[in-house]
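In: Predicted model and sequence follow; I will ask about them next.
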Amino acid sequence: MNRFSLEHQLFIKKYKKEKRIIYFFQIMIITAFLIIWEVLGNYHIINTFLFSSPSKIINNLCSLLKNGSLFVHIGVTFIEVFLSFIISTIISIVMSFLLWRFPLFSKIIDPYITMLNSLPKVALGPLIIIWVGASVHSVIFMAVTITVFSSIINIYSVYSSVPSNYVSLFKSFHASKWKMFYKLILPYSFQTIIATLKVNISMSLIGLLPPVGEKIFFNKCYSRY
């Protein structure tokens, strides 16, 4: 005897059918994109020197795999992404807490954070090389600057958006600022913080490429670890 009701069975069937449709169209979209990309490159409609093509990318990956350098490059990039992500996360959470904890400090520094966030960080790549040096440090510095200011703004915004009645309730019980933070503010902001950190991972990866050119400094950066 089936322990599920007819309605439940129909719901599961509909859900599975919807998932199959989603997966089908997702695969079709990426397949069509790769085919069109390859055709445009083969017929020289696009410049393969600038845009490459799927076949050239696969051949290049195979050659890197054969000479053993592929995983070296992946390892260097992974370490750089990990370090920049950890540094930007720590700075963002600590700075957001200070802005929430000290409103006067927040009012003073808020315009500067907004200004720094609006700067074109990628365009500052050559200056960062001069300041920090053409090494792994400039790569990580670029990735951190791309992610940290937007993270501070996003996390602090959700800290400040906690409903006032919740805050008033904690104040009525004479809760300390620290207790209010980890009992109310942090749980309320948890989903936004996680979403921000997800974005930071991809932004950290983007930040690794422009400043010094990963291809040029791969072996140099790897030798430093």
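Out: Yes, it's here. All values derive from a computational prediction rather than experimental measurement.

In: use CA for all of it now, contacts and neighbours both
Out: Fine.

In: gap between the strand or helix carrying G75 and the chain center?
Out: For G75, the host element (DSSP states H and E) is helix 70-101. A distance of 10 Å separates the centroid of the chain from that of helix 70-101, by Cα atoms, centre = their mean, to the nearest Å.

In: looking just at contacts, which helices and strands does that helix meet?
Out: Counting contacts by 3 or more Cα pairs under 8 Å, 6 or more residues apart in numbering; DSSP states H and E, helix 70-101 is packed against helix 54-66, helix 103-118, helix 136-160, helix 186-208, helix 214-223.

In: Let's test this: mean pLDDT of it, rounded?
Out: Averaging pLDDT along helix 70-101 gives 87.

In: the inter-axis angle of it versus helix 103-118?
Out: On the basis of axes from the mean of the first three to the mean of the last three Cα atoms, to 10 degrees, helix 70-101 is oriented at 150 degrees to helix 103-118.

In: what comes up buried for helix 70-101?
Out: 73, 76-77, 80-81, 83-89, 91-93, 95-97, 99-100 (16 or more other Cα atoms under 10 Å).

In: helix, strand or coil for the nearest residue to I46 once chain neighbours are set aside?
Out: Among residues not flanking I46 along the chain, L40 sits closest, at 5.8 Å (Cα to Cα, 6 or more residues apart in numbering). Assigned with DSSP: H, G, I helix; E, B strand; the rest coil, L40 falls in the helix class.

In: For whichever strand or helix holds I35, the averaged confidence score.
Out: Using DSSP H and E, I35 sits within helix 6-42. Average pLDDT, helix 6-42: 91.

In: ok, and what's touching the following helix or strand past that helix?
Out: Per DSSP H and E, the first helix or strand lying C-terminal to helix 6-42 is helix 48-51. With Cα atoms under 8 Å, 6 or more residues apart in numbering as the test, helix 48-51 has contacts from G41.

In: quick one: average confidence on helix 48-51?
Out: The average pLDDT within helix 48-51 is 84.

In: coming back round to it: my guess is the residue nearest to I46 contacts P54, does it?
Out: No: using Cα atoms under 8 Å as the test, L40 is too far from P54 to be in contact (10.8 Å).

In: give the contact list for L205.
Out: 77, 81, 143.

In: give the contact list for the second one.
Out: In this structure, V81 makes contact with 140, 143, 201, 204-205, 208, judged by Cα under 8 Å, 6+ apart.

In: picking up where we left off before, including distance to S189, could the contacts of L205 go into JSON lines?
Out: Shown next, in JSON lines, are the contacts of L205 (distance: Cα to Cα, whole Å):
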{"residue": "T77", "distance to S189": "30"}
{"residue": "V81", "distance to S189": "24"}
{"residue": "A143", "distance to S189": "24"}
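
In: Closest one to L124 out of those residues, please.
Out: L124 lies nearest to A143 out of the contacts of L205, by Cα to Cα, at 11.8 Å.

In: Number of residues surrounding that closest one?
Out: Counted with other Cα atoms under 10 Å, residues neighbouring A143 total 32.

In: does it really touch N200, like I thought?
Out: No: counting by Cα under 8 Å, A143 sits too far from N200 to count as a contact (9.2 Å).

In: per the record, what domains does this protein have?
Out: Split into domains by automatic domain parsing, the chain comes to 1-67, 68-223.

In: just those: most buried one?
Out: Per-stretch averages of neighbours, counted by mean count of other Cα atoms under 10 Å, single out domain 68-223 among these, with a mean of 17.
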